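A.B. asks: my questions concern the predicted model and sequence given below.
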Amino acid sequence: MNQHSHAKDPIQKIRSICAKGDPSAVNELTNLLVSVLQGDVASRTALKQFFDMPTMAQEASDDIDRCLISRVRLFINGSNANRIETWLSSYETSLPDSRNRLLLESILLDFVASRTEVEALKCRLAEAHTLRSDAWSKCVALKSTVENISNRVAASL
């Protein structure tokens with residue numbers, strides 16, 4: 001390995017920090033490593049920055065439609081959660097203007113549009129059921145009124 005690749009190598013950087021004995025750098029590195037091991041995504045990004053490594057967030061955050069992500073999350077349920085979370089994760093980590101980002105954005109837009117239409121259809125169906133019930137009640141009342149009139153007419157003859 002040449003000298004330049006040693007400078008970029010995370011293992012070499014760790015050895016260098018430990019050899020220098022800088023307690024603040026050792027403490028920062030230790031805290032970041034523990035946080036990453038506990039699953040903290042922000043610490044993973046910070047750790048990559050600590051080692052001067054590119055982060056997916058730096059590469060992929062451009063032009064992400066946060067409003068779209070919020071609308072997608074409204075429609076996540078038990079049966080689609082894994083699939084939708086995978087789409088969202090892939091969308092958020094894809095490179096800006098990449099074919100993959102455009103495809104995922106299209107999928108997410110179509111998902112929101114279809115779920116919105118399904119919800120609108122559910123509302124219209126509920127309204128139709130209410131109207132049917134109201135119409136049935138009115139038919140029963142009208143039938144009763146007609147029977148009462150018929151009975152009065154028959155009784156008066």
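C.D. replies: Cool, the structure landed. Numbering: from 1, shown residues only.
A.B. asks: need the helices for this protein, in chain order.
C.D. replies: 3-8, 10-20, 23-37, 41-50, 56-60, 66-74, 81-93, 99-156 (DSSP state H).
A.B. asks: which residues of the protein score low on pLDDT?
C.D. replies: Applying pLDDT under 70 to the chain flags residues 1-8, 39-43, 54-62.
A.B. asks: nearest residue to the middle of this structure?
C.D. replies: Arg73 (3.6 Å; CA atoms, centre = their mean).
A.B. asks: mind checking how far that one is from Ile84?
C.D. replies: Note on Arg73: its distance to Ile84, by CB to CB, to the nearest Å, is 8 Å. C-betas here are computed from N, CA, C, even on glycine.
A.B. asks: ok, Gly78 next?
C.D. replies: 11 Å.
A.B. asks: more neighbours: those two, which one.
C.D. replies: Just comparing Gly78 and Ile84: by other CB atoms under 10 Å the higher neighbour count belongs to Ile84, 19 against 6.
A.B. asks: let me see the contact set for the more buried one.
C.D. replies: Shown in contact with Ile84 (CB atoms under 8 Å, 6 or more residues apart in numbering): Val72, Phe75, Ile76, Phe111.
A.B. asks: again, 6 Å this time
C.D. replies: The contact partners of Ile84, by CB atoms under 6 Å, 6 or more residues apart in numbering, come to Ile76.
A.B. asks: and for the residue nearest to Asp97 when sequence neighbours are not counted, the neighbour number?
C.D. replies: Counting by CB to CB, 6 or more residues apart in numbering, the nearest residue to Asp97 once its immediate chain neighbours are dropped is Asp63, at 7.2 Å. Other residues near Asp63 number 9, with proximity taken as other CB under 10 Å.
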